[in-house]
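**Student:** Sequence and predicted model, in that order:
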Amino acid sequence: MRRHRARSSILSTCGFLAAAALWAGCAGTGDRQASSSAPVDYVEQIQPILETNCYECHGSAVQVPSGKLRLDGRKGMLKGGRSGHPTLIPGNAADSPLYIVITGGSGDGTWRAMPPHGKRLNPDDIALIRGWIDQGATFGAQ
Ligand code: HEC
């Protein structure tokens, strides 16, 4: 009997720790979501992400940008690339290829995952881009 009780108290300690860890995990995620619904600034927050991850192939330094898409400004994003489809649909991240490609591309192969190789964007950057598009994708002074 005593043994049983001891074991169950260990179990409940573990349960408590697991619950605490879960709570901490949830709190972390909550914070991240909260930060992406805070106003996102293109120049301060979005441009640096695109510059690091996309300009190598879609920036002004390349003569013929990959997929004929320029991502270094409003004009290129709204025009889109070879697909003829706008890359950015302000106010609608879920339907914006810009968001679809950084979250693994579309299942039907219409939109390939970007960058095509190497390191993918981290969840914080993805959340920022999503927030920025859903907030209307303004470009500040541009
Ligand atoms: C190493 C080069 C490279 C990098 C880096 C890269 N891309 Fe691409 N991207 C390509 C190529 C090549 C294509 C054309 C592929 C195709 O049409 O199948 C393309 C096509 C696209 C298209 C489709 C354009 C259209 O209208 O057809 C989108 C959207 C896109 N990229 C977004 C991005 C984003 C966003 C990033 C950064 C997160 C990125 N790419 C980084 C090479 C790159």
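**Tutor:** Received, thanks. Keep in mind that this is a model prediction, so the values were computed, not measured. Numbering: from 1, shown residues only.

**Student:** got any ranges where the protein has weak pLDDT?
**Tutor:** Confidence mapping of the chain against pLDDT under 70 gives the ranges 1-36, 141-142.

**Student:** Residue 126 - how many residues pack around it?
**Tutor:** 17 (other Cβ atoms under 10 Å). C-betas here are computed from N, CA, C, even on glycine.

**Student:** mind listing what it touches?
**Tutor:** 99, 102, 103 (Cβ atoms under 8 Å, 6 or more residues apart in numbering).

**Student:** Go back to those residues and keep what's next to the ligand.
**Tutor:** residue 102 (Cβ under 6 Å from any ligand atom).

**Student:** mind checking how far the spatially most central residue of the chain is from residue 107?
**Tutor:** With distances taken as Cα atoms, centre = their mean, residue 126 lies nearest the centre of the chain, 0.9 Å away. Applying Cβ to Cβ, to the nearest Å, the value for residue 126 to residue 107 is 17 Å.

**Student:** now residue 46
**Tutor:** 26 Å.

**Student:** Residue 61 now?
**Tutor:** 32 Å.

**Student:** Ok, residue 64 next?
**Tutor:** 29 Å.

**Student:** can you list the residues of the protein near the ligand?
**Tutor:** Counting by Cβ under 6 Å from any ligand atom, the residues of the chain close to the ligand are 53-54, 56-58, 66-67, 69, 71, 80-83, 85, 87, 97-98, 101-102, 112, 114-116, 121.

**Student:** So which of these sit within strands?
**Tutor:** Using DSSP state E, no member of the residues of the chain next to the ligand falls in strands.

**Student:** ChimeraX command for the buried members of these?
**Tutor:** To isolate the buried ones among the residues of the chain next to the ligand in ChimeraX, judged by 16 or more other Cβ atoms under 10 Å, type:
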select :53,54,57,58,66,67,69,71,80,81,87,97,98,101,102,114,115,121
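
**Student:** Which members of the residues of the chain next to the ligand occur in helices, if any?
**Tutor:** Among these, the residues falling in helices (DSSP state H) are 53, 56, 57, 58, 97, 98, 101, 102.

**Student:** hmm, back to that, who's more crowded, residue 46 and residue 107?
**Tutor:** Counted by other Cβ under 10 Å, residue 46 and residue 107 do not tie: residue 46 has more neighbours, with 21 against 8.
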